[in-house]
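1. 3D, please:
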Amino acid sequence: TVSGKTADTAEISVKVPAKTDADQDAVNAEAAKIKSVAEPVKNAINLTLPTVGEGYTITIKSSNNESVIAKDGKITPPSTDTTVKLIFTVKHTVSGKTADTAEISVKVPAKTAKQN
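-> This next block holds a predicted model:
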C-alpha cells in the first residue's frame, strides 16, 4: 500500500550451507580410490607407488617401519618377510589441495640369503 507503514516479523532462522570445495572433493575422491599397493618383488629397492589420475601427484606421508620402506619409497629388503603400513598423500597439482589415503599394508619379501 501507499501508506508507508512498516511492520517487523518475528525472528526467522535461516540455515546457510557451507560452501562446497570442488577441488577438495575431487582430491578426496582420488585418494579414496587407492586401497592397495603392488607388492614389491624379492630384493626390490624401490616401491612402485599407486597410480593417480592426471593432475595429481602421490607421495608417502608415513611408514610405520622406515627401516624397510622409507618415505621416499626406498626399500631396504628385510631378513624376513615384513608387513609395512603406509599412508599416502594425494595432491591436486593446480589447487594444491591434498588428501590422505587410509592406511595400506604392504608385504615386503625377505631378501635373498647370500650363497657361500
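2. Longest strand in the protein, by number of residues?
-> As assigned by DSSP state E, the longest strand anywhere in the chain is strand 82-92.
3. Show me how far that one is from its chain's centre.
-> Offset of strand 82-92 from its chain centre (CA atoms, centre = their mean, to the nearest Å): 7 Å.
4. taking the mean pLDDT, what do you get for it?
-> Strand 82-92 shows a mean pLDDT of 98 in the predicted model.
5. which helices and strands sit right next to it?
-> Secondary structure elements in contact with strand 82-92, counted by 3 or more CB pairs under 8 Å, 6 or more residues apart in numbering; DSSP states H and E, are helix 22-32, strand 56-63, strand 98-100, strand 104-108. Glycine gets a C-beta too; all of them are placed from N, C-alpha and C.
6. Pull out the buried residues from stretch 53-62.
-> For stretch 53-62, a neighbour-count test (16 or more other CB atoms under 10 Å) marks 56, 58, 60 as buried.
7. The second one contacts Leu47, correct?
-> No - judged on CB atoms under 8 Å, Ile58 makes no contact with Leu47 at a distance of 11.2 Å.
8. now Ala99: how far from Thr59?
-> 12 Å (CB to CB, to the nearest Å).
9. what do these two both touch?
-> Shared contacts of Ala99 and Thr59, defined by CB atoms under 8 Å, 6 or more residues apart in numbering, comprise Thr89.
10. worst-scoring helix or strand of the chain, pLDDT-wise?
-> helix 22-32 (a mean of 94; mean pLDDT, DSSP states H and E).
11. which residues touch that one?
-> 52-53, 56, 88-92, 94-95, 97-101.
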